[in-house]
Each structure stands twice: as structure tokens, then as C-alpha cells.
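Q: got a predicted structure here, sequence first:
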Amino acid sequence: MASRRNSSNRLREAPATQVPRERRALSARLQAWLEHHRGSFRSSLRRLRDRAWSSILTVLVMGIALALPFLLHVLLDNARSLSGGLQEAREITVFLKSDEDDASARTYASELEARSDVTSVTVRTPAEGLAEFRQLSGFAEALDVLDGNPLPGMLVIKPRDQALAADPALLADLKADPRVDMVQYDAAWRQRLSAILRFGERSMLALMGLLGLASLLVVGNTIRMDIQARAEEIAVVQLMGASDGFVRRPFLYAGFWYGLIGGLLAVLAVGIVELSVRAPLLDLLASYQNRFALHGFNLLEALAVVAIRSLLGWLGAWIVTTRYLLTGRPKT
């Protein structure tokens with residue numbers, strides 16, 4: 001009877017001792033997995049350091065290739081900001097005939113302001129136009145030689161948004177008025193500018209895709225040569241039962257490092273170019289009375305560039321190592 005009770009107690013105790021044993025086994029596997037990640041992390045950095053020259057060439061090629069499309073992005077972004085005022089401008093400039101005096105110009109402006117398709121009208125007299133031209137042109141001495149003021153009166157009209165349809169009636173009425181000498185409305189130029197910016201954006205995206213593919217191929221080729229140099233080592237660990245993930249992991253970290261450093265170099269290169277052209281560009285814009293603020297990457301964009309490049313490096317390494325593992329596994 002005692003032996004039966006002891007055996008039944010052992011049967012009841014078996015599940016209680018089996019669960020901690022399974023937990024310990026799972027914990028040991030997780031610990032080994034983390035340890036191999038740490039080892040792969042450190043070994044990939046050591047191999048980059050040991051192969052310093054080839055590593056430097058790889059990240060320089062990636063950095064320069066990645067800097068080109070993002071430099072174009074910065075240029076387009078600044079171009080959009082610089083041309084924003086022009087694209088948003090909705091003024092129609094009306095040049096009056098030379099025989100129209102200031103009183104006639106103000107009367108005409110009052111008539112136009114009464115229209116439902118006009119927001120406001122600003123009168124610029126010939127004297128105001130001459131003073132502005134004298135200040136901006138730098139030909140003050142030449143203007144003093146003139147007998148009179150050659151500039152006509154001018155009206156600056158701000159139409160309502162709905163009046164800017166394909167062929168607003170306001171333009172036709174202005175051109176038909178006998179007091180008007182010329183009507184200037186730069187809708188065609190704004191359309192051309194928008195088309196140029198759209199073309200630049202599409203070109204930037206295409207260039208970004210092509211150079212991104214090129215950087216992926218550069219990383220893949222570098223990892224492929226590293227795999228070939230370690231082919232015997234890989235074969236040994238595969239014969240010992242190493243999984244594909246175990247073999248692939250160090251190369252994935254290497255690809256990640258190539259992409260990360262290449263992305264940082266790309267951001268640094270764009271920053272250097274921006275600083276080098278900032279002063280002469282601002283001087284040029286200041287000569288045109290333009291207070292434009294040049295801007296480059298913000299922090300979020302810089303982080304996005306580095307993250308995308310790191311992902312491309314990792315992807316290039318994954319493609320190459322996966323292809324090798326599918327074709328190069330040794331026969332047991």
C-alpha cells in the first residue's frame with residue numbers, strides 16, 4: 001500500500017516539475033538567441049573595422065549616391081517656398097493710358113471695386129511708380145535728366161477666386177475699356193512654373209528610386225564578397241546544424257551598418273552643400289529685395305533618410321544571403 005501511495009505521489013508531482021523545466025528551456029533558448037544577436041552586432045562592427053578601406057569606399061559611394069536625390073529634394077522645397085508668393089499671387093495689373101490723370105484713375109478704381117468679382121483695387125500714381133523705380137533700379141541720375149515722368153498710372157486689382165476661371169469676364173472688360181492701355185495677368189507663367197515644379201518632383205522620385213536601387217546593389221555585392229570569403233566557415237556551422245537565421249544574422253547587421261552610415265553621410269553632405277551656398281544665395285536674393293530664408297532638412301526628414309537607407313542596406317544583405325542559403329547549402 002505504501003509503495004502504491006508513493007508512486008501516485010510521484011505521478012502527481014511530475015507535471016509540477018515539468019513546467020519549470022520547460023520554462024527554463026525556453027528561457028535558455030531566448031538567452032542564446034539574444035546572445036547571438038549581441039555577438040552578431042559586435043562581430044559585424046569588428047569586420048567593418050578590419051576591412052576599413054573597402055568599408056569606407058562602400059559607405060562613401062552610398063552616401064554620395066543617396067545625397068543627390070535628397071539634395072534635389074531640398075532644392076525643390078526651397079524653390080516651392082521661393083515661388084510660393086508668385087503662385088499665390090492673384091493680382092491683375094492694369095496700365096492706364098498716358099492721358100489719364102490721378103483723378104480719372106481713382107474714379108475708375110471706384111467703379112471696379114463696385115464689381116462683385118473684385119476684392120480690392122490699389123491705385124499707383126505715376127509719381128509713386130517713378131519713386132519706386134528710382135529706388136530699385138539705381139538709375140536716379142539718369143531719371144533726373146528726363147523732362148517728365150514717362151510712367152503711366154497703374155491699377156492693381158485683386159479679383160475673387162471664382163473670377164480666376166479659365167477666361168474670367170473681368171479680363172475681357174478691362175481690355176475693352178478705352179482708358180486702359182495694357183492688362184497684365186501672369187496666369188500662364190504661374191502654370192508654367194507649377195509644371196516645372198511638378199516635373200522636378202517626378203524627376204526627383206525617379207532619381208531617388210534609381211539611386212536607391214544602386215545603393216541596394218552596392219550593399220548586396222559587398223555582402224556577397226564577404227559571404228564568399230567566409231564560405232568555409234558558413235559550411236562548417238551549417239553541417240553542425242545552424243539554422244538559416246543563425247547564418248544570415250551577422251550579414252544582416254553588416255548591411256544595416258552600411259545603410260546607416262551611408263544615410264548619415266548623405267545627410268552630412270546635404271548639410272555641407274547647404275552651408276556652402278547659403279551666403280552667396282542670400283546675397284543674390286537680397287540684391288532683388290527678397291527676404292528668403294533658405295532651409296534644408298528638418299530633424300524628421302533627416303531621421304527618415306537614415307531609416308530608409310538602413311532598411312535598404314538590411315534588405316540588400318537579406319536578398320544576397322537568402323539566395324546563397326537557397327543555393328549553397330552543403331550536402332550532408
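A: Everything's here; your move.
Q: all contacts plus neighbour counts: C-alpha atoms, from now on.
A: OK.
Q: which residue ranges of this protein form strands?
A: Listed in chain order, the strands of the chain (DSSP state E) span 92-96, 118-124, 154-159, 180-184.
Q: just for the protein, where's the confidence low?
A: Applying pLDDT under 70 to the chain flags the ranges 1-37, 39-41, 44, 82-90, 133-148, 161-168, 186-188, 287-294, 328-332.
Q: mind listing the helices for it?
A: 2-50, 52-88, 102-113, 126-137, 140-145, 169-176, 187-229, 231-239, 244-287, 299-327 (DSSP state H).
Q: what's the closest of those helices to residue 152?
A: Comparing the helices of the chain against residue 152 with Cα to Cα, the closest turns out to be helix 126-137 (5.3 Å).
Q: so how far is residue 197 from the spatially most central residue of the chain?
A: The chain has residue 73 as the residue nearest its centroid, 4.8 Å off, counting by Cα atoms, centre = their mean. As judged by Cα to Cα, to the nearest Å, residue 73 and residue 197 stand 11 Å apart.
Q: re the thing from before, what's the closest of the strands of the chain to residue 243?
A: Of these, nearest to residue 243 by Cα to Cα is strand 154-159, at 71.4 Å.
Q: angle of that closest one against helix 102-113?
A: 10 degrees (axes from the mean of the first three to the mean of the last three Cα atoms, to 10 degrees).
Q: just want the angle from strand 154-159 to strand 118-124.
A: Going by the same axes, to 10 degrees, strand 154-159 makes 170 degrees with strand 118-124.
Q: follow-up on the earlier one: the residue nearest to the centre of the chain - nearest residue in space that isn't next to it in sequence?
A: Closest residue to residue 73 apart from its sequence neighbours, by Cα to Cα, 6 or more residues apart in numbering: residue 204 at 6.7 Å.
Q: walk me through the domains of this structure.
A: 37-86+192-327, 90-185 (automatic domain parsing).
Q: returning to what we had before: which one, of the strands of the chain, ends up nearest to residue 38?
A: Nearest of the strands of the chain (Cα to Cα): strand 154-159, 66.0 Å.
Q: quick one: strands adjacent to the closest one?
A: strand 92-96 (antiparallel), strand 118-124 (antiparallel) (DSSP bridges).
Q: check the ones you listed for me and report the most buried one.
A: Sort these by mean neighbour count, taking mean count of other Cα atoms under 10 Å, and strand 92-96 sits at the top with a mean of 21.
Q: tell me the gap between that strand and the middle of its chain.
A: Computed by Cα atoms, centre = their mean, to the nearest Å, the chain-centroid distance of strand 92-96 equals 40 Å.
Q: again with stretch 106-124
A: 43 Å.
Q: now swap in stretch 201-211 and tell me
A: 11 Å.
Q: list the buried residues for it?
A: For stretch 201-211, a neighbour-count test (16 or more other Cα atoms under 10 Å) marks 201, 204-205, 207-208, 211 as buried.
Q: as CSV, those residues with distance to residue 228 would be great.
A: As requested, those are arranged in CSV below (distance: Cα to Cα, whole Å):
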residue, distance to residue 228
201, 40
204, 36
205, 34
207, 31
208, 30
211, 26
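Q: widest-spaced pair of those residues?
A: 201 and 211 (15.2 Å).
Q: my read: the residue nearest to residue 73 touches residue 69, true?
A: Yes - contact status for residue 204 versus residue 69: in contact at 5.8 Å, counting by Cα atoms under 8 Å.
Q: so what sits against both of the two?
A: Taking Cα atoms under 8 Å, 6 or more residues apart in numbering as the contact rule, residue 204 and residue 69 have no neighbour in common.
Q: separation between residue 252 and residue 77?
A: Distance from residue 252 to residue 77, by Cα to Cα: 34 Å.
Q: same thing with residue 100?
A: 44 Å.
Q: the two - which one has more neighbours?
A: residue 77 (17 against 13; other Cα atoms under 10 Å).
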